[in-house]
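Chemist: My questions concern the predicted model and sequence given below.
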Amino acid sequence: MTNPILNYPANWDYKLANKVANGCGPAGAKWKSWIIPDKILFVSVKIACRIHDFMYYTGVTMKDKKKADDTFLENMNALFDAQPWWSRPLNKMRRKLAHKYYLAVMYFGKSAFLEGKSGVNANVEPTEEQLKSPELKAFATNFVKFKKMEMSKLAA
């Protein structure tokens, strides 16, 4: 079953997706739900993450990775746009946070994309240039601030 508002790849296979897609964040990481939640300001983006995981698994070229990353952002924004009118005032902030998810996969998703593909080195680390990028530093700073704010709201 597919969601009509989302962009699925032409080769989408629900059964295969269930085997290869884990949702948001790296597979098997126990800490991921705290750092990379499946919801952005009360909207589940798990299906967008699952489509992204599937596209990484089936992709072959770096062009496929770029397409997966772009589709990931498009799908998150489509999920926000589908929210009821009373929830839409949060969409500006949701889009900013979704863009941070996008930057994370764009900069750090290469090893996940290459994992299990023959003839390539899956142990690819970010370049020095990527690590020093102002966008990445802003992403990390803002993400930590957001998580602290979110945790304080839960504690209240």
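Modeler: Received the coordinates, thanks.

Chemist: wait, what's in contact with residue 91?
Modeler: By C-beta atoms under 8 Å, 6 or more residues apart in numbering, the contact set of residue 91 is 80, 81, 83. Bear in mind the C-beta positions are built from the backbone N, C-alpha and C, glycine included.

Chemist: which of those has the most neighbours?
Modeler: Counting neighbours by other C-beta atoms under 10 Å, residue 80 leads the contacts of residue 91 with 22 neighbours.

Chemist: Which strands and helices lie in contact with the helix or strand where that residue lies?
Modeler: For residue 80, the element it lies in under DSSP states H and E is helix 62-81. Counting contacts by 3 or more C-beta pairs under 8 Å, 6 or more residues apart in numbering; DSSP states H and E, helix 62-81 is packed against strand 43-44, helix 46-58, helix 91-108, helix 110-114.

Chemist: Show me the shaky parts of this protein.
Modeler: Residue ranges of the chain with pLDDT under 70: 1, 28-34, 117-156.

Chemist: Might you report the residue contacts of residue 46?
Modeler: Contacts for residue 46 were tallied using C-beta under 8 Å, 6+ apart; they are 23, 24, 38, 39.
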